[in-house]
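Enquirer: here are the coordinates; sequence isn't available:
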Ligand code: NAD
């Protein structure tokens, strides 16, 4: 059956300022750039290189992810808007320097309204190739203001979020002896596991790949099956693999009183936020707790990267979460909805400011 992508009629599409489709047959480039908001600054977000099952899936993914970037940057108080891009293809097979350069030329045509960074399927080295054709790229491994791999900073922000959640929910002043289950030991999950180990937490880990599990087993972590980790008797469940992990089934099986992890789009739908709240589980909104990477990249986009300033801002994620948890308690609703409201309030303020300064300039 012919595939008919859903565009203007979808809610996700309607919220966007601009969505651009790029195609370059010579290199095989097929890419979509979604600019959700530039109210607070240039739209920034990663480029995902993925073999999507359908064009609709690619469109849905880029729209969802770009809107989440606006919320993330607004909540972190960054002078950035939200955007995201996807390249449709198998990174193992289709990622060539010619394609990456073609992507760079495409980005350049957007004149800086969108700045690309790293995401699944794209490394800082790939971005360096994209950067041959445009300066609107961040998260580079080398250069005057290069910020490099954002994952360690994302992990540090998640650690601060876990500390804030453990203090709020469990009254624990340190993470010593706190049992944390990490699902996904990739760039962020493994960095988080090392930080938690240093902080004296007890680790339970799961990943589809055996190698990272073995590494952390040597540090004393208990390795469990991927499907089993949500039902483990944990203090904190930290999803650090793919999105959608909190669904109708897993939310009911969850034993931990806290969910605080790095994965984007952890909730399969808003209904799961409601259900977690009903079950008394404290949920650290993903776009609040995993902002360390974008904070790091923002330092680079500003033109001069100052490590100390970046670390101070990343550490402030703990304070942001505490404010979210307190307001959620006052308003008797899930921290997810509170974080959404806080981000929307800031986005609205940025939009208003832009309209006012436009009117003044006219
Ligand atoms: P990654 O690809 O390096 O790691 C993902 C890990 O999850 C891998 O070890 C993989 O084997 C494992 N995995 C994949 N599918 C799994 C499954 N079904 N069950 C269990 N494990 C599975 O990715 P990453 O950069 O570490 O990012 C992890 C998550 O954090 C993603 O959702 C990403 O969008 C989000 N995130 C990352 C950053 C960053 O700075 N890298 C920033 C914000 C959010």
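Expert: Yes, it's here. Nothing here was measured: the structure is a model prediction, and the numbers come from that model.

Enquirer: which parts of the stretch 151-300 of the chain sit against the ligand?
Expert: Residues of the stretch 151-300 of the chain lying close to the ligand (CB under 6 Å from any ligand atom) are 151, 154, 183-189, 206-209, 212, 226, 240-243, 262-264, 290, 293. C-betas here are computed from N, CA, C, even on glycine.

Enquirer: so who does the closest residue to the ligand within the stretch 101-250 of the chain touch?
Expert: Closest to the ligand within the stretch 101-250 of the chain is residue 186: 1.7 Å, counting by CB to the nearest ligand atom. Contacts for residue 186 were tallied using CB atoms under 8 Å, 6 or more residues apart in numbering; they are 207, 212, 240-241.

Enquirer: in the top helix by length along the chain, what counts as buried?
Expert: For the chain, the helix that runs over the most residues, judged by DSSP state H, is helix 335-361. For helix 335-361, a neighbour-count test (16 or more other CB atoms under 10 Å) marks 335-340, 342-343, 346-347, 350 as buried.

Enquirer: stretch 50-64 too?
Expert: Those would be 50, 52, 58-64, for stretch 50-64 by 16+ other CB under 10 Å.

Enquirer: got these as a markdown table, with distance to residue 324 and pLDDT columns?
Expert: A markdown table is the format used below for these (distance: CB to CB, whole Å; pLDDT from 0 to 100):
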| residue | distance to residue 324 | pLDDT |
| --- | --- | --- |
| 50 | 30 | 96 |
| 52 | 33 | 97 |
| 58 | 31 | 94 |
| 59 | 30 | 93 |
| 60 | 27 | 90 |
| 61 | 26 | 90 |
| 62 | 27 | 94 |
| 63 | 25 | 93 |
| 64 | 21 | 89 |
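
Enquirer: and the residues you listed, which two are furthest apart?
Expert: 50 and 63 (14.4 Å; CB to CB).

Enquirer: all the strands of the stretch 201-350 of the chain, residue numbers only.
Expert: 202-206, 222-223, 236-239, 258-259, 282-283 (DSSP state E, counting those that start in this stretch).

Enquirer: which helices and strands sit right next to the second one?
Expert: Packing partners of strand 222-223 (3 or more CB pairs under 8 Å, 6 or more residues apart in numbering; DSSP states H and E): strand 202-206, helix 210-217.

Enquirer: deepest-packed of these, please.
Expert: For the helices and strands packed on strand 222-223, average neighbour numbers computed from mean count of other CB atoms under 10 Å are highest in strand 202-206, which has a mean of 22.

Enquirer: on contacts alone, who are the packing partners of it?
Expert: With 3+ CB pairs under 8 Å, 6+ apart as the test, strand 202-206 has strand 179-183, helix 187-198, helix 210-217, strand 222-223 packed against it.

Enquirer: looking at the ones you listed, which is closest to residue 106?
Expert: helix 187-198 (26.0 Å).

Enquirer: what's the domain layout of the protein?
Expert: 18-67+81-130, 151-291+318-344 (automatic domain parsing).

Enquirer: adding distance to residue 356, write those domains out as a markdown table.
Expert: Below are those laid out as a markdown table (distance: least, CB to CB, whole Å):
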| stretch | distance to residue 356 |
| --- | --- |
| domain 18-67+81-130 | 12 |
| domain 151-291+318-344 | 18 |
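
Enquirer: of all those, which one comes closest to residue 300?
Expert: Between residue 300 and those, the tightest spacing by CB to CB is seen for domain 18-67+81-130, at 8.8 Å.

Enquirer: now do the closest one: distance to the chain's middle.
Expert: On the basis of CA atoms, centre = their mean, to the nearest Å, domain 18-67+81-130 sits 15 Å off its chain's mean C-alpha point.

Enquirer: next one: stretch 341-351
Expert: For stretch 341-351, the distance to the chain centre is 19 Å (CA atoms, centre = their mean).

Enquirer: what residues does it touch?
Expert: 37, 39-40, 70-72, 74-75, 77, 287, 323-324, 327.

Enquirer: which stretches of the stretch 251-362 of the chain have low pLDDT?
Expert: For the stretch 251-362 of the chain, residues meeting the criterion pLDDT under 70 lie at 362.

Enquirer: and the helices in it, which stretches?
Expert: 270-278, 286-289, 292-301, 307-315, 317-331, 335-361 (DSSP state H, counting those that start in this stretch).

Enquirer: re earlier: of the contacts of residue 186 - the most surrounded one?
Expert: Among those, residue 240 has the most neighbours (other CB atoms under 10 Å), with 27 neighbours.
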